[in-house]
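In: model this:
(2 chains)
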Protein chains: 2
Amino acid sequence: MKEIKVGLIGFGTVGQGLADVLFSQRERLVRRTGMSIKLAGIADHGTLELPERFKDIPLTQDGMQLINDPDIDIIVELIGGIEPAKTLVMQAIAAGKHVVTANKALLSQEGSDIFAAAARQGVEVGFEASVGGGIPVIKVLKEGLVANKILSIMGIMNGTANYILTRMTDEGIAFDEVLKDAQQLGFAEADPTYDIEGIDTAHKLAILMTIAYGTPITHKDIATEGISQIEPMDIELAREFGCRIKLLAISRNHGDHVEARVHPTMVPQDHLLASINGAFNAIHFCGDTVGNILMYGLGAGSIPTGSAVAADVVDIARNINCGSIGRVPALSYLPDQMQARRITPMDELYGPYYFRCTVLDQPGVLAKISGILSKYDISIESVIQKGRKKVGAVPLVIVTHSARESAVSAALAEISGLDSVTAPIVKIRILEAE
Amino acid sequence: MKEIKVGLIGFGTVGQGLADVLFSQRERLVRRTGMSIKLAGIADHGTLELPERFKDIPLTQDGMQLINDPDIDIIVELIGGIEPAKTLVMQAIAAGKHVVTANKALLSQEGSDIFAAAARQGVEVGFEASVGGGIPVIKVLKEGLVANKILSIMGIMNGTANYILTRMTDEGIAFDEVLKDAQQLGFAEADPTYDIEGIDTAHKLAILMTIAYGTPITHKDIATEGISQIEPMDIELAREFGCRIKLLAISRNHGDHVEARVHPTMVPQDHLLASINGAFNAIHFCGDTVGNILMYGLGAGSIPTGSAVAADVVDIARNINCGSIGRVPALSYLPDQMQARRITPMDELYGPYYFRCTVLDQPGVLAKISGILSKYDISIESVIQKGRKKVGAVPLVIVTHSARESAVSAALAEISGLDSVTAPIVKIRILEAE
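Out: Sure thing, here's the model as predicted:
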């Protein structure tokens, strides 16, 4: 029986998940592929001893040992971050190894170098696990939806942020409190910045856009806002408007230019994305032939992510076995068919908005604010004023019809300058009906 | 540039969809595959002339002309039904052609002959479009979830039935009325039996089970009930219990035996499947490594289904181009690794139930009925009795805790025999929390 040898660099959460998946599914993979997929070596800086069930697998501190091992066919990089991951991946490619990685930060920032090197060397780069954890979203985009122009991408791509928003929504408690609890429960990392500030989501959106549109995108192209400013009051008000607040990645394909943004979004309750709760992810595409399609599942976690990494390993093993390396281009379009496209500046976008202003409860304040909005051609759909106070400030909430982002920014700057506005204005974009 | 020639047999709704998809995506497919995928011939009994945009494609009345054409690489069968589809598919395989089909009736009934012949001839059989329309659910099962034991399959797999139930739920109108309207609007066929009686759903579940478990299943193995007996009253009562009624395919993998059934089911409102409305489909898997995963999209329609057929054509074209025919086994497990398994008889299943009895409004009726349930070890979760009438019958609704199907059948037979029960009892299974 043909044996495919895998070298695993990085034995953290996902690395251990992959080892467990390859171990538990060993027999199944033989029954499905006719091959034995063997974990032939593990490299990890901090691991001095492997768990009992992996005792037979050689352990090293040095990833280069696996890269230089002529018997190893596939290197799996699961250390995360930019360095030393990039160096190891580039070395593996230079050594003629196929590479599988779950490293969204690396791919969304350094992907062009990596994919160019892999194309030159004629090796595969698998990255299913970089987006949506166990959900096979990359395979669906590259193969299942091959006969589609992707018109839009929308999704909840960070389980930590969605977990926090879900608990804020269900329990009415504040962001900081939920975050602390999530950290204790292991749903958020000690440094949660990437997750809660939308950066991780932007990494993932950059990868999806690149393969969906055949357009190289880095996460730096994506306007990104996180959820740390969301207050329970906004969640409650969203509910009154029939919406839930979700951290969404949104991209639309306008042909010569493409939208790309990550921000908290009010999602109408009857939209499927509003029903995605807890640590789950969901990714929605609109294709010009398939129409609307959504995939839902666990976007993180050791074993689910291991499932996706293992699927990449099997795909490459099949190509090795059949002599069909390069059967599907890594980025879904042939390298010479990738097309750069302009990213639509946020200022040019249109959509409905929710503002929450904190204003003195005085006559004439609403008239002033609505006057400013009108001056910038922003029309109001509804207004809610909460509570009445003789002294001090009250929230004034405005939902607009579709307006241009540049006009909204200018109007809010002017409104912020009013004496009767006593705190920064909270602005949340509302998801437009398709 | 390499050219792959496709012969299309059947120029109905889906056939025209495929032709349109290959036409509109021609350039995109070149940019993604480096190949030209050419529709080289169309065979259709009833078509005397092709639309203008397909004028250059040779048209014949006789599918065998395409099968016998040595230039054609892939035969796409989109005529539906068992014959002449089976003969044509078998002839195509015998002629060494690869085959793509969307024919769920054919595959769920005659699949074993077809796949055995294809394996002998070393040709591919693609059938993505047979389940879930445009949703690439077959690819996900065969490849994306390759490192998973599939523990359960659950889904809404028939758009017509879901459209009817959705309108009954939203508008409170009767089955017959919605069906008539759906037929006028083109959402239901003139003979809707397969759709509304669950047979089409059973075909699809048989295909999914076969590849998910590596166990040959035909739709005859699947206990099937349709939705034509559902009344608005049951939908309204379901709502009171926090549920929606959906026509679900349900299968659970118990190792040595597997559950398989299609029936109207009360789905708790917070389950994602309860939110799938109109003509959409959604298919939910639980895998032992990936956990819960769901795919949602249009389960029918000319162009969406064409998207799935085209994806199969591209997959095979890639295998032709790379010399990697047979890269992924047609049924996801190698032919000699398929394992027959016992189908769990319905009588052995457990779950909660909803009954609606029509009873005379007399003292002691509930005592008699609950006495019978208790005798069969069926415990009641809640009871609703609607209205009060001096003369005539009233509905008495009972929701049970998990009970054995055989006990439920016996109890309902006994209850039906009571003088105070004046109409057949309506029984609807309730989806159990996982």
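
In: pull out the buried positions in whichever helix in chain A runs longest.
Out: Under DSSP state H, the helix in chain A containing the largest number of residues is helix A:302-322. Within helix A:302-322, the residues scored as buried using 16 or more other Cβ atoms under 10 Å in any protein chain shown are A:302-320, A:322. Every residue, glycine included, has its C-beta placed from N, CA and C.

In: again, but for stretch A:28-39
Out: By neighbour count on 16+ other Cβ under 10 Å, the buried set for stretch A:28-39 is A:28-29, A:31-33, A:35, A:37-39.

In: from the contact counts, what lies against the longest helix of chain A?
Out: strand A:3-9, helix A:13-24, helix A:26-33, strand A:36-43, strand A:74-77, strand A:98-101, strand A:125-126 (3 or more Cβ pairs under 8 Å, 6 or more residues apart in numbering or on different chains; DSSP states H and E).

In: tell me the helix or strand right after that helix.
Out: The first helix or strand that comes after helix A:302-322 along the chain, using DSSP states H and E, is strand A:342-343.

In: which residues touch the next helix or strand after that next one?
Out: Using DSSP H and E, the helix or strand that follows strand A:342-343 in sequence is strand A:350-351. The contact list for strand A:350-351 (Cβ atoms under 8 Å, 6 or more residues apart in numbering or on different chains) reads A:402-405, A:429-432.

In: mind checking which of those residues land in strands?
Out: Of the contacts of strand A:350-351, the ones assigned to strands by DSSP state E are A:403-404, A:429-430.

In: could the residues you listed go into TSV alongside pLDDT, neighbour count and distance to A:Ser130?
Out: Below are the ones in strands among the contacts of strand A:350-351 laid out as TSV (pLDDT from 0 to 100; neighbours: other Cβ atoms under 10 Å in any protein chain shown; distance: Cβ to Cβ, whole Å):
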residue	pLDDT	neighbour count	distance to A:Ser130
A:Ala403	97	20	35
A:Arg404	97	16	34
A:Arg429	98	21	26
A:Ile430	97	21	29
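
In: which two from those residues end up farthest apart in space?
Out: Within these, A:Arg404 and A:Ile430 form the most distant pair, 14.3 Å apart (Cβ to Cβ).

In: and the most centrally placed residue in chain A, how close does it get to A:Tyr350?
Out: In chain A, the residue lying closest to the centroid (Cα atoms, centre = their mean) is A:Thr201, at 3.1 Å. From A:Thr201 across to A:Tyr350, the span is 22 Å (Cβ to Cβ, to the nearest Å).

In: thinking again about what came up before, check the buried residues of stretch A:28-39 against chain B, which are close?
Out: The subset of the buried residues of stretch A:28-39 within reach of chain B, by Cβ under 8 Å from any Cβ of the partner chain, is A:28-29, A:31-33.

In: of these, which is the nearest to chain B?
Out: Closest approach between those and chain B, by Cβ to the nearest Cβ: A:Arg31, at 4.0 Å.

In: what's the farthest-apart pair in the ones next to chain B among the buried residues of stretch A:28-39?
Out: Distance extremes for these: the farthest pair is A:Arg28 and A:Thr33 at 9.3 Å, using Cβ to Cβ.

In: what about the longest helix of chain A, average pLDDT?
Out: Here helix A:302-322 scores 97 as its mean pLDDT.

In: that one vs helix B:302-322, what angle?
Out: For helix A:302-322 against helix B:302-322, the angle by axes from the mean of the first three to the mean of the last three Cα atoms, to 10 degrees is 50 degrees.

In: just grab the bridge partners of A:Lys246 for me.
Out: Beta-bridge partners for A:Lys246, by DSSP bridges, are A:Thr265.

In: I'd like to know how many residues surround it.
Out: 26 (other Cβ atoms under 10 Å in any protein chain shown).

In: how near is it to chain B?
Out: Separation of A:Lys246 from chain B (Cβ to the nearest Cβ, to the nearest Å): 15 Å.

In: contacts only, for that residue.
Out: A:156, A:162, A:165, A:264-265, A:267, A:273-274, A:276.

In: just put the helices and strands packed on helix A:302-322 in TSV and tack on mean pLDDT.
Out: Putting the helices and strands packed on helix A:302-322 into TSV (pLDDT from 0 to 100) gives the following:
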stretch	mean pLDDT
strand A:3-9	98
helix A:13-24	97
helix A:26-33	98
strand A:36-43	98
strand A:74-77	98
strand A:98-101	98
strand A:125-126	98
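
In: between the ones you listed, which one is closest to B:Ala129.
Out: In terms of Cβ to Cβ, the element of those nearest to B:Ala129 is helix A:26-33, at 22.3 Å.

In: quick one, domains of chain A?
Out: Residue ranges for the domains of chain A, per automatic domain parsing: A:3-134+A:302-337, A:137-298, A:346-430.

In: for A:Ile114, the count of nearby residues, please.
Out: Residues within reach of A:Ile114, counting by other Cβ under 10 Å, total 23.

In: just say helix, strand or coil for it.
Out: When classified by DSSP: H, G, I helix; E, B strand; the rest coil, A:Ile114 comes out as helix.

In: within range of chain B, give me the residues from the stretch 301-434 of chain A.
Out: Near chain B, when you scan the stretch 301-434 of chain A using Cβ under 8 Å from any Cβ, you find A:301, A:303-304, A:306-308, A:310-311, A:314-315, A:318-319, A:321-324, A:326-329, A:332-334, A:337.

In: returning to what we had before: so of the contacts of A:Lys246, which ones are in strands?
Out: The strands, defined by DSSP E, take in A:156, A:264-265, A:267 from the contacts of A:Lys246.

In: so can I have TSV of the residues you listed showing distance to A:Gly297 and pLDDT?
Out: Below are the ones in strands among the contacts of A:Lys246 laid out as TSV (distance: Cβ to Cβ, whole Å; pLDDT from 0 to 100):
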residue	distance to A:Gly297	pLDDT
A:Ile156	11	98
A:Pro264	22	98
A:Thr265	21	98
A:Val267	19	98
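
In: determine which two of the buried residues of stretch A:28-39 are furthest apart.
Out: Across the buried residues of stretch A:28-39, the longest distance by Cβ to Cβ is 18.2 Å; it joins A:Arg31 and A:Leu39.

In: from the contacts of strand A:350-351, which two are the most distant?
Out: Farthest apart among these by Cβ to Cβ are A:Arg404 and A:Leu431. That separation is 16.8 Å.

In: does chain B sit close to stretch A:13-23?
Out: Yes: counting by Cβ under 8 Å from any Cβ, chain B is contacted by stretch A:13-23 at A:21-22.

In: mind checking how far A:Phe280 is from chain B?
Out: Applying Cβ to the nearest Cβ, the value for A:Phe280 to chain B is 8 Å.

In: actually, A:Glu432.
Out: Distance, A:Glu432 to chain B, by Cβ to the nearest Cβ: 20 Å.

In: can you read off the pLDDT for that residue?
Out: A:Glu432 carries a pLDDT value of 86.

In: looking at it, it is touching A:Ser402, isn't it?
Out: Yes: using Cβ atoms under 8 Å, A:Glu432 is in contact with A:Ser402, at 6.6 Å.

In: in what helix or strand does the residue nearest to the centre of chain A lie?
Out: Counting by DSSP H and E, the element that carries A:Thr201 is helix A:199-213.

In: ok, A:Asp234 touching A:Lys386?
Out: No: at 11.7 Å, A:Asp234 does not count as touching A:Lys386 under the criterion of Cβ under 8 Å.

In: tell me the contacts of the residue nearest to A:Ala147 when sequence neighbours are not counted?
Out: When the adjacent residues along the chain are set aside, A:Ala147 lies closest to B:Ala310, with 3.7 Å between them (Cβ to Cβ, 6 or more residues apart in numbering or on different chains). By Cβ under 8 Å, 6+ apart, the residues touching B:Ala310 are A:146-147, A:289, B:18, B:21-22, B:25, B:29, B:37.

In: from these, pick the one nearest B:Gly417.
Out: Using Cβ to Cβ, B:Leu18 is the member of the contacts of B:Ala310 that sits closest to B:Gly417, with 54.8 Å.
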